[in-house]
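Student: Here is the input, now give the coordinates:
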Amino acid sequence: MMDYGAPIGYRLATQHPERVESLIVQNGNAYEEGLGDFWKPMRAFWQNKTPENADRVRQTMTSEATKRYYTTGAKNLENLSPDTWTLDQALLDRPGNRDIQLALKHDYQSNVLLYPQWQAYLRQYQPPTLVVW
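Tutor: Residues are numbered from 1 along each chain as shown. Below you'll find the model as predicted:
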C-alpha cells in the first residue's frame with residue numbers, strides 16, 4: 001500500500017481481514033501523528049471550504065512544492081534526477097487536473113475519520129508488516 005493507495009488497502013483489510021497475509025506500507029498513514037505541518041492547509045480546507053483555503057492547498061501543487069517532496073531530507077541532491085519531479089509536475093499541470101486533485105484532497109478527510117477503525121484492525125489482527133517512510 002502506498003500513498004493515496006494506502007487508504008484503499010486499509011479499507012480492504014478491515015473489510016476482509018481473513019484475506020490479508022501481510023502488509024507492505026510506504027508513506028501510508030493511519031495515525032493523526034503522521035499528519036504534520038504539511039497537512040495544516042488541508043485541515044483548514046476540510047474545516048472550511050473557502051476559496052482562500054483552496055488556494056492554500058493549490059500551493060502544494062506548484063513546481064516548487066513538487067520538487068520539495070523529492071528533495072526534502074535527501075543527503076546528496078546531486079544524485080537526484082530532476083526527471084522525477086519534472087514528470088510529476090507535468091501530470092499535475094494537465095488541464096483540469098488541479099481541480100481533480102483539490103477534490104481528492106478535500107475527500108481525504110474521509111480516510112482520517114477511519115483511522116481508529118484501521119488502528120483497531122492492526123491491534124486485533126497484527127498482520128506481519130513492513131513500513132517504509
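
Student: Hmm, K49 is touching D107, no?
Tutor: No: using CB atoms under 8 Å, K49 is not in contact with D107, being 11.3 Å away. Using the backbone N, CA and C atoms, a C-beta is placed for each residue, glycine as well.

Student: Who are the contact partners of S110?
Tutor: Contacts for S110 (CB atoms under 8 Å, 6 or more residues apart in numbering) come out as none.

Student: Find the helix or strand that it is a member of.
Tutor: helix 109-112 (DSSP states H and E).

Student: Local confidence estimate at W133?
Tutor: Looking at W133, its pLDDT is 79.

Student: burial of it, as a residue count?
Tutor: Here the number of neighbours of W133 (other CB atoms under 10 Å) works out to 8.

Student: Look up how far A13 lies from it.
Tutor: For W133, the distance to A13 (CB to CB, to the nearest Å) stands at 19 Å.

Student: And S81, by the same measure?
Tutor: 34 Å.
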